[in-house]
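> Sequence first, then the predicted structure, then my questions.
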Amino acid sequence: MDLTTTYMGLTLRSPLVPSAAAPLTENVANVKRMEDAGAGAIVLHSLFEEQIRQERYELHHHLTYGTESFAEALTYFPEPEIFHVGVEEYLNHIRMAKQMVDIPIIASLNGSTVGGWIDYAQQIEQAGADALELNIYYVPTDMSMTGEEVEQNYIDILRAVKTAVQIPVAIKLSPFFSNMANMAKRLTEAGANGLVLFNRFYQPDINLEMLEVEPNVLLSTPQAMRLPMRWIAILYGRINASLAATSGIHKAPDVLKMLMAGASVTMLCSVLLRHGIEHIQVIEQEMREWMEKHEYESVKQMQGSMSQQNCPDKSAFERVQYMRAIQSYKPESVMGNR
């Protein structure tokens with residue numbers, strides 16, 4: 001049985017890809033465990049440009065504090081651009097991961113300025129990463145900014161990075177565009193080798209006792225997979241880029257559905273945080289059992305088989321299905337009274 005798949009031109013032994021979970025991938029020993037458990041590739045946790053700039057600023061402040069009293073003291077320390085803080089640790093992490101495993105290592109970059117994206121993307125490539133995922137986590141709050149300007153920001157970042165590196169580049173998107181299909185088309189035309197659908201925006205919570213707004217990470221549930229599955233099915237065969245599914249993938253049936261919709265890979269995060277790295281083996285075994293029972297010889301045989309392009313009812317992923325879904329719903333309380 002052949003589980004191999006192709007993602008952004010990279011041949012992976014499996015579509016199961018652990019994705020950007022800092023508690024899991026920050027420890028380089030876990031990267032080896034993921035390979036041993038059957039991962040096809042690994043997306044590392046993100047390198048944040050803001051974190052690097054803040055660390056450099058704080059270090060520069062402490063090193064130069066008071067030196068203005070002695071003119072010659074200003075030359076005692078190097079300028080901030082050569083401090084190896086934050087980014088060097090991440091680059092070393094890539095190098096060590098590449099030495100430990102044979103599967104592709106995909107770095108993740110979360111930047112905020114075009115210049116920062118280019119600089120760090122080039123360093124990531126030089127460190128040996130097989131591909132780069134641009135994790136654009138952007139929540140526009142400026143009321144004067146138009147939707148067109150927001151979209152253009154994504155395009156500009158992608159184009160800048162693509163001109164700076166040779167490795168494949170994927171872009172991780174939110175679903176909050178006025179026309180997701182058009183945005184996917186524009187990003188592909190701008191050079192994206194892959195689209196990762198979708199980024200989860202972590203929403204803040206209010207602490208009623210402390211009267212503070214605080215971060216509150218909620219792991220995904222299986223219901224979260226419906227939105228990316230829909231758009232992967234719609235986009236499959238219509239754009240020239242690999243499609244990666246993320247959010248809500250917890251069991252083998254979730255993986256199989258995403259592959260049938262048209263995903264090249266399925267990214268695992270919350271499920272591994274809940275059940276551990278070795279749970280990759282459980283999902284793979286369940287996949288194999290299902291494929292054998294239903295006489296599938298390979299992953300490629302099922303990829304896109306239930307996409308909008310190949311689905312007998314092409315309206316199933318569009319508005320007409322909304323009315324059918326509403327009409328088909330039966331509350332449990334009503335069903336119980338029958």
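Arrived safely. Numbering: from 1, shown residues only.

> What is the lengthiest helix in the chain packed up against?
When the chain is parsed with DSSP state H, its longest helix is helix 147-164. In terms of contacts (3 or more C-beta pairs under 8 Å, 6 or more residues apart in numbering; DSSP states H and E), helix 147-164 is packed against helix 114-127, strand 131-135, strand 169-173, helix 180-189. C-beta: built from backbone N, CA, C; applies to glycine.

> Quick one: closest of those to residue 224.
Comparing the helices and strands packed on helix 147-164 by their distance to residue 224 (C-beta to C-beta), the top pick is strand 169-173, with 14.7 Å.

> could I get the helices and strands packed on helix 147-164 as JSON lines with distance to residue 7?
Below are those laid out as JSON lines (distance: least, C-beta to C-beta, whole Å):
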{"stretch": "helix 114-127", "distance to residue 7": "17"}
{"stretch": "strand 131-135", "distance to residue 7": "8"}
{"stretch": "strand 169-173", "distance to residue 7": "8"}
{"stretch": "helix 180-189", "distance to residue 7": "15"}
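
> Low-confidence stretches in the stretch 51-200 of the chain?
51-86, 112-113 (pLDDT under 70).

> Buried residues, the longest helix of the chain. List them.
For helix 147-164, a neighbour-count test (16 or more other C-beta atoms under 10 Å) marks 150, 151, 154, 155, 157, 158, 160, 161, 162 as buried.

> Which residue ranges of the stretch 151-300 of the chain form helices?
Ranges of helices in the stretch 151-300 of the chain, per DSSP state H, counting those that start in this stretch, are 180-189, 226-235, 252-261, 270-275, 279-293, 299-302.

> The fourth one - what's its average pLDDT?
Meaning helix 270-275. Per-region confidence: helix 270-275 scores 92 on mean pLDDT.

> Report how many residues lie close to residue 203.
Residue 203 has 9 neighbours, counted by other C-beta atoms under 10 Å.

> hmm, back to that, which residues sit against the longest helix of the chain?
With contact meaning C-beta atoms under 8 Å, 6 or more residues apart in numbering, helix 147-164 is reached by 111, 114, 117-118, 121-122, 132, 134, 136, 138, 140, 169, 171, 173, 177-178, 183, 186-187, 190-192.

> is residue 212 in a bridge, and if so with what?
residue 207 (DSSP bridges).

> before we move on, what about residue 268?
residue 18.

> Distance check, it against residue 255.
According to C-beta to C-beta, to the nearest Å, residue 268 stands 9 Å off from residue 255.

> got any residues that touch both of these two?
16, 249, 283.

> Who are the contact partners of residue 131?
With C-beta under 8 Å, 6+ apart, residue 131 has these contacts: 8, 10, 104, 106, 107, 167, 168, 169, 170, 193, 194.

> Just grab the bridge partners of the nearest residue to the last one once chain neighbours are set aside for me.
With sequence-adjacent residues excluded and distances taken as C-beta to C-beta, 6 or more residues apart in numbering, residue 194 is closest to residue 170, at 3.4 Å. Each beta-bridge partner of residue 170 is listed here: residue 133, residue 194, as defined by DSSP bridges.

> Now do stretch 36-48: distance from first to last residue.
Start-to-end span of stretch 36-48 (C-alpha to C-alpha, to the nearest Å) is 28 Å.

> Looking at the helices of the stretch 151-300 of the chain, spot the one closest to residue 45.
By C-beta to C-beta (comparing all of the helices of the stretch 151-300 of the chain), the closest turns out to be helix 270-275, at 12.3 Å.

> what sits up against the closest one?
The contact list for helix 270-275, computed with C-beta under 8 Å, 6+ apart, reads 18, 21, 23-24, 219-220, 248-251, 279-280, 282-283.

> Of these, select the buried ones using a PyMOL command.
Filtering those down to the buried ones (16+ other C-beta under 10 Å) takes a single PyMOL command:
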select buried, resi 18+21+24+220+248+249+250+279+280+282+283
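
> Now for the contacts of helix 270-275: which two are most distant?
23 and 251 (21.2 Å).

> do you know how far residue 47 is from residue 134?
Residue 47 is 11 Å from residue 134, where distance means C-beta to C-beta.

> joint contacts of these two?
residue 109.

> Of the contacts of helix 147-164, just the buried ones, ChimeraX syntax please.
Buried residues within the contacts of helix 147-164, by 16+ other C-beta under 10 Å, are selected in ChimeraX with:
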select :111,117,118,121,132,134,136,169,171,173,177,183,186,187,190,191,192
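
> Let me have the contacts of residue 131 in a markdown table, adding distance to residue 312 as columns.
Converted to a markdown table, the contacts of residue 131 look like this (distance: C-beta to C-beta, whole Å):
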| residue | distance to residue 312 |
| --- | --- |
| 8 | 30 |
| 10 | 32 |
| 104 | 35 |
| 106 | 35 |
| 107 | 40 |
| 167 | 39 |
| 168 | 33 |
| 169 | 35 |
| 170 | 31 |
| 193 | 31 |
| 194 | 28 |
